[in-house]
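Chemist: Sequence and predicted structure, then a few things I'm wondering about:
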Amino acid sequence: MSFQVMMMQLGQGMLKSMGIFFLTLLFSLPLGLLVALCRMSKSGILRTIMRVYISIMRGTPLMLQLLAVYFGPYYLFGAKLGKNWRFSAIIIAFAVNYAAYFAEIYRSGIGSMPAGQYEAARLLGYSKSGTFLRIIFPQVIKRILPAITNEVITLIKDTSLSFSLAYAEMFTIAKQIAAKETSFMPFLAAALFYYVFNALVAFAMERIEKAMNYYSA
Amino acid sequence: MALLEMKNIRKSFGDLEVIRDISLRVDEGEVLSIIGPSGSGKSTMLRCAAMLETIDSGEIWYMGERAAWADGHGGLHYPKKAELKKVRSYFGLVFQNFNLFPHFSVIKNITDAPIHNQKRDRDEVYAEAKELLAKMGLSDKADAYPCQLSGGQCQRVAIARALALNPKILYFDEPTSALDPELTGEVLKVIKSLADLHIAMVIVTHEMNFAREISDHVMFMDKGIVEVEGSAESVFNTDNARMRAFLGKLRH
């Protein structure tokens, strides 16, 4: 196999990895906020449920969670899911796992807001949702951005875990080529792909952080 | 008609009784100062009036209507949504540590609430905010962020922010306690100018000369009770031993 063909195949795998990456963020960032709010809610039951959920997500390997989501419906209910289930299972597992981590980051950020901000908002007639959306959340984002960046970068590398479901993302392809060609080259190339993508994401996050530096709190 | 009336207020934090049966009344255009040592319950009284703390017993009246009360059988009645919104619109509060919104520019700090919460016309609100800033001597700071201002400037923005909602009565919770003497002066000057406009105010403060100068009524609190109250002159010339001791300590 020529170098060019290998790079082409890896590139296609990269696109699939990026698909997992962006869809996971799309679902897990809002879901994480929802989980964080439930985790901090007045209802004790809701809080406990969220605590257990977060503890399971953080306490078991993501690879195991991928397998559980993919095979679970069949073993539990005998459900025969279609061809597209593989990809859906990957996105669900990633989103649900990352939402747990994001939830804890949101929670730390929301918890760090001084009570005076809430009091001032209340005095100025902001509703509960208005206080959160206009006053609290924008400040929380700035505070948690570095921690979010950390998770986002981890996610890029974690997409490679999809190989456990034999989904043709970049790492799976690299493994296949490496086995067929008995060469280590595909892994090096894959590493380069991951690294460059990571550098781009890190750069983008840095730009966002800088853009939010128009004030200091 | 009294703008604010608080009747027989009691408030405890756990076992600590912070306010023991205090009543007060503020009429239109009146300035009430509450003075006293730290921990005497002054700020708590103000925070109860502003409904940031709930009372344990007593009644709070706004504009001749009973707004909140404890019925003496453990029942606490605070206004709900629409009613609460109306009651809150009667007063504004200026905090000791400003509590400006750091992610909003000065002008947005002032205009955001009138536009979003009172649904007022944007242009009109901005025009009014600019006038307020001019009054505060901050015309050139409209687009600055709170982190770029001095403490005195922040506090003046906070005053403008409270005024922008056109409250009937303005509360000050130790507005100069976080400021050095120079900055204190500029904030007190602004508060004085409001008093001259006959805006009703309740001021919790440690600035004795200031309280004496601008107040129609002064309350001296200690350990949750009112030791002396009356006109500024009568309170500052009182024979009350506790008040004399407090003023004596200040002088030395």
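Modeler: Perfect, I can see it now.

Chemist: So which residues of the chain form helices?
Modeler: Just so you know, I chose chain A. A:3-39, A:44-59, A:62-77, A:85-111, A:115-123, A:128-130, A:137-158, A:170-181, A:185-211 (DSSP state H).

Chemist: right idea, wrong chain: chain B
Modeler: With DSSP H as the criterion, chain B has helices spanning B:42-49, B:81-88, B:106-116, B:122-135, B:151-163, B:181-196, B:208-214, B:232-236, B:241-251.

Chemist: Can you check which of the ones you listed gets nearest to A:Thr182?
Modeler: With Cβ to Cβ, the closest approach to A:Thr182 among the helices of chain B belongs to helix B:106-116: 63.8 Å. (Each C-beta comes from the backbone N, C-alpha and C, glycine too.)

Chemist: who in the stretch 101-250 of chain B is up against chain A?
Modeler: B:101-103, B:112-113, B:116-118, B:145-147, B:161-162, B:165 (Cβ under 8 Å from any Cβ of the partner chain).

Chemist: And the residue lying farthest from the centre of chain A, how far from chain B?
Modeler: In chain A, counting by Cα atoms, centre = their mean, A:Leu123 sits farthest out from the average C-alpha position, at 37.0 Å. Distance of A:Leu123 to chain B, given as Cβ to the nearest Cβ, to the nearest Å: 5 Å.

Chemist: what's the burial count for the closest residue to that residue other than its chain neighbours?
Modeler: Nearest residue to A:Leu123 in three dimensions, chain neighbours excluded: B:Leu93, at 4.8 Å (Cβ to Cβ, 6 or more residues apart in numbering or on different chains). Neighbours of B:Leu93 under the rule other Cβ atoms under 10 Å in any protein chain shown: 27.

Chemist: now do A:Phe77
Modeler: Counted with other Cβ under 10 Å, A:Phe77 comes out at 8.

Chemist: ok, now the one 10 residues further on?
Modeler: Residues within reach of A:Phe87, counting by other Cβ under 10 Å, total 18.

Chemist: tell me the contacts of it?
Modeler: A:Tyr167 (Cβ atoms under 8 Å, 6 or more residues apart in numbering or on different chains).

Chemist: confidence score at it?
Modeler: Predicted confidence (pLDDT) for A:Phe87: 92.

Chemist: and the gap between the residue in the stretch 151-252 of chain B that chain A sits nearest to and A:Arg207?
Modeler: Nearest residue of the stretch 151-252 of chain B to chain A: B:Leu165, at 6.7 Å (Cβ to the nearest Cβ). For B:Leu165, the distance to A:Arg207 equals 37 Å [Cβ to Cβ, to the nearest Å].

Chemist: Give me the more crowded residue out of these two.
Modeler: Per other Cβ under 10 Å, whichever of B:Leu165 and A:Arg207 has more neighbours is B:Leu165, with 20 against 10.

Chemist: ok, now which ones touch that one?
Modeler: A:Leu124, A:Gly125, B:Ser89, B:Gly92, B:Ala113, B:Pro114, B:Asn117, B:Gln118.

Chemist: and the first one, how many neighbours?
Modeler: This means A:Leu124. When neighbours are counted by other Cβ under 10 Å, A:Leu124 registers 26.

Chemist: My guess is it contacts B:Ala113. True?
Modeler: Yes: between A:Leu124 and B:Ala113 a contact is recorded at 3.9 Å, counting by Cβ atoms under 8 Å.

Chemist: Now the common contact residues for these two.
Modeler: B:Arg161, B:Leu165.

Chemist: ok, what's across the strand from the residue nearest the centre of chain B?
Modeler: Per Cα atoms, centre = their mean, the C-alpha nearest to the average position across chain B is that of B:Tyr171, at 1.5 Å. Beta bridges link B:Tyr171 to B:Leu93, B:Val202 when assigned by DSSP bridges.

Chemist: And A:Val5, how close does it get to chain B?
Modeler: 51 Å.

Chemist: Near that residue, how many other residues are there?
Modeler: 10.

Chemist: just the one 5 residues further on next, same as before
Modeler: A total of 20 residues lie near A:Leu10 under the criterion other Cβ under 10 Å.

Chemist: Just the pLDDT at the residue of the stretch 151-252 of chain B closest to chain A, thanks.
Modeler: 94.

Chemist: what do you get for A:Ala168?
Modeler: At A:Ala168, the model reports a pLDDT of 86.

Chemist: Enumerate every residue touching it.
Modeler: A:Gln12, A:Gly13, A:Lys16.

Chemist: which residue lies farthest from the center of chain B?
Modeler: The C-alpha centroid of chain B is most remote from B:His73, which lies 30.0 Å away (Cα atoms, centre = their mean).

Chemist: Backbone dihedrals for that residue, please?
Modeler: phi -120, psi 30 (degrees, to the nearest 10).

Chemist: The closest residue to A:Gly116 other than its chain neighbours - how many residues pack around it?
Modeler: Sequence neighbours aside, B:Asn99 is the residue nearest to A:Gly116 in space, at 4.0 Å (criterion: Cβ to Cβ, 6+ apart). Residues within reach of B:Asn99, counting by other Cβ under 10 Å, total 23.
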